[in-house]
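K.L.:
This is a predicted model, with the sequence first.
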Amino acid sequence: MQVAEFSQRFEGLFGTRPQIFRAPGRVNLIGEHTDYNDGFVMPAAVGFFTFVAITARPDRKLVIRSEQFSGSFEFDLGHLPPQRTGDWCDYVLGVATVLRQHGHQLAGADMLIHGEVPIGAGLSSSAAIEVASALALLSLGDAKVALPEIAKLCRQAENNFVGARVGIMDPFVSCMGKAGHAILLDCRSLEPQFISIPANLRLVVCNTMVKHDLATGAYNTRRAECEEGVKCFAKYDPRIRALRDVSPDLLEQHARDLPPTIWKRCCHVVLENQRAVDAARALADGDLGRVRELMRESHRSLRDLYEVSCRELDIMVEAAEDLPGFCGGRMTGGGFGGCTVNLVCQENAGEFAAKMAERYQRATGIAPHIYTCSAEDGVRALS
Ligand code: GLA
């Protein structure tokens, strides 16, 4: 996107010269459905961005517009709606509401949003708009808020205002991403470890172009099942507060004591946490064979134990297996459609993308979108 042009379009609409912020979407390399279990994830920010342009207004109005999404929204900062309105502006409104609840004085503002993160593809378009909006709104005041804190506020906006019970992974990596690196994040302490991705690898993201309706309902069901698992294990050890605290040994010991579905879900989470930590070490050591093995196990576990994959994702994952330069792949994000992420040697990335598109389309009749990405920096001000 041409930033100068975006700025001019803002000037054309509002008559003032804006400040511009941009926040990235993400892929998750491994550690899926572990963030809301206080576990480990390993995402990387990728080069799809949401841009937010902003200027202060003399009154107490918040005016939100976008060139891609319809509607022009106007709210009085003194009377922000307490809950979602059902429109895309909810992501901005949610952030404004949470910032106010945390005592930040917001100024009236004109805002223009331009989103390039594919929507509904599991690449975290909502976190990108929330994070960029939070920085934009805060820029009009003088409070300095640390990026991990902004990530927490955005998660709250999503949980309490938009009404999606997501974890911290997406806003965290959109805030804290680092070019050339994945982040191994401990979702309990929020301590990040930056893991360098070998320079000759590309992140090839394959969009199945499907999003099954199940996604939101099933996400909440999985969360509830994990909570039930915690209750079961807490009976054996009262120190257990989250599935993060369950060891593989304890899991094994009680394989027959838990309802079978709950046990399968717990099994995925406990072993996925271990896989995320192991994959970070293997990636840092350049042991790509091990990374590949762990990503494969992760996908199988999401497919068979956590049951959040779907036919299209499985086809996309299998299509990669024997292609030259392939160093590991799996579904990424919540599941039931969206994308797979693949680590591919740079020199093979073009051919890999072409072959994946051909194979997937032959098997499903759907033309996928394939993006060749690198890990990027998190949110920043552009002007
Ligand atoms: C979605 C949520 C994340 C995370 C993933 C699954 O992307 O937004 O918080 O739970 O699903 O790993």
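P.N.:
Right, received. Where do you want to start? On a predicted model such as this, the values are computed, not experimentally measured, just so you know.
K.L.:
Please make it C-alpha for all contacts and neighbour counts, starting now.
P.N.:
Noted.
K.L.:
Quick one: the helices in the stretch 51-200 of the chain, in order.
P.N.:
In the stretch 51-200 of the chain, helices defined by DSSP state H, counting those that start in this stretch lie at 90-101, 125-139, 147-156, 169-176, listed in chain order.
K.L.:
With only the CA atoms kept, save stretch 130-142 in PDB.
P.N.:
The C-alpha trace of stretch 130-142 is given here as PDB (Å, rounded to 0.1, in the frame of the first residue of the first chain):
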ATOM      1  CA  GLU A 130      -7.400  -3.700  17.100                       C
ATOM      2  CA  VAL A 131      -3.700  -3.300  17.700                       C
ATOM      3  CA  ALA A 132      -3.300  -0.500  15.000                       C
ATOM      4  CA  SER A 133      -6.400   1.200  16.400                       C
ATOM      5  CA  ALA A 134      -5.100   1.100  20.000                       C
ATOM      6  CA  LEU A 135      -1.800   2.700  19.100                       C
ATOM      7  CA  ALA A 136      -3.600   5.300  17.000                       C
ATOM      8  CA  LEU A 137      -6.100   6.200  19.700                       C
ATOM      9  CA  LEU A 138      -3.300   6.300  22.400                       C
ATOM     10  CA  SER A 139      -1.100   8.500  20.100                       C
ATOM     11  CA  LEU A 140      -3.600  11.400  20.600                       C
ATOM     12  CA  GLY A 141      -3.000  11.400  24.400                       C
ATOM     13  CA  ASP A 142       0.300  11.500  26.300                       C
END
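K.L.:
Buried residues in it, which are they?
P.N.:
For stretch 130-142, the neighbour count (16 or more other CA atoms under 10 Å) marks 130, 131, 132, 133, 134, 135, 136, 137, 138, 139, 140 as buried.
K.L.:
was I right about residue 368 contacting residue 208?
P.N.:
Yes: contact criterion CA atoms under 8 Å: residue 368 and residue 208 qualify, at 5.3 Å.
K.L.:
Between these two, tell me which one has more neighbours.
P.N.:
Neighbours were counted for residue 368 and for residue 208 using other CA atoms under 10 Å; residue 208 has more, 26 against 21.
K.L.:
quick one: contacts for the more buried one?
P.N.:
Going by CA atoms under 8 Å, 6 or more residues apart in numbering, residue 208 touches 312, 313, 316, 337, 338, 339, 340, 366, 368, 369.
K.L.:
Which ones among those map onto helices?
P.N.:
312, 313, 316 (DSSP state H).
K.L.:
Roughly how far does the last one sit from the ligand?
P.N.:
As for residue 316, its distance to the ligand is 18 Å (criterion: CA to the nearest ligand atom, to the nearest Å).
K.L.:
same check, this time on the second one
P.N.:
With the distance defined as CA to the nearest ligand atom, residue 313 ends up 15 Å from the ligand.
K.L.:
which ones are touching that residue?
P.N.:
Counting by CA under 8 Å, 6+ apart, residue 313 has contacts 208, 331, 336, 337, 338, 339, 340.
K.L.:
same deal with residue 112?
P.N.:
Contacts of residue 112 by CA under 8 Å, 6+ apart are 10, 52, 53, 54, 64, 65, 66, 67.
K.L.:
Which of the contacts of residue 208 has the largest number of neighbours?
P.N.:
Counting by other CA under 10 Å, top hit in these: residue 339 with 32 neighbours.
K.L.:
can you tell me the helix or strand for the residue lying closest to it once chain neighbours are set aside?
P.N.:
Using CA to CA, 6 or more residues apart in numbering and skipping the chain neighbours, the partner closest in space to residue 339 is residue 207 (4.3 Å). In the assignment (DSSP states H and E), residue 207 maps to strand 201-211.
K.L.:
Spatially, which two of the contacts of residue 208 are the most separated?
P.N.:
Among those, the pair separated by the greatest distance (CA to CA) is 340 and 366, at 15.0 Å.
K.L.:
Report the closest residue of the stretch 101-250 of the chain relative to the ligand.
P.N.:
The nearest approach of the stretch 101-250 of the chain to the ligand comes at residue 167, 3.4 Å away (CA to the nearest ligand atom).
K.L.:
Check which element follows the lowest-mean-pLDDT helix or strand in the chain along the chain.
P.N.:
Lowest by mean pLDDT, DSSP states H and E among the helices and strands of the chain is helix 214-236, with a mean of 93. Sequence-wise, the next helix or strand downstream of helix 214-236 (DSSP H and E) is helix 248-253.
K.L.:
The strand holding residue 207 and the ligand, are they touching?
P.N.:
No: figure legend: strand 201-211 not in contact with the ligand (CA under 6 Å from any ligand atom); closest approach 12.9 Å.
K.L.:
what lines up beside that strand in the sheet?
P.N.:
Strand pairing for strand 201-211, determined by DSSP bridges: strand 337-345 (antiparallel), strand 369-373 (antiparallel).
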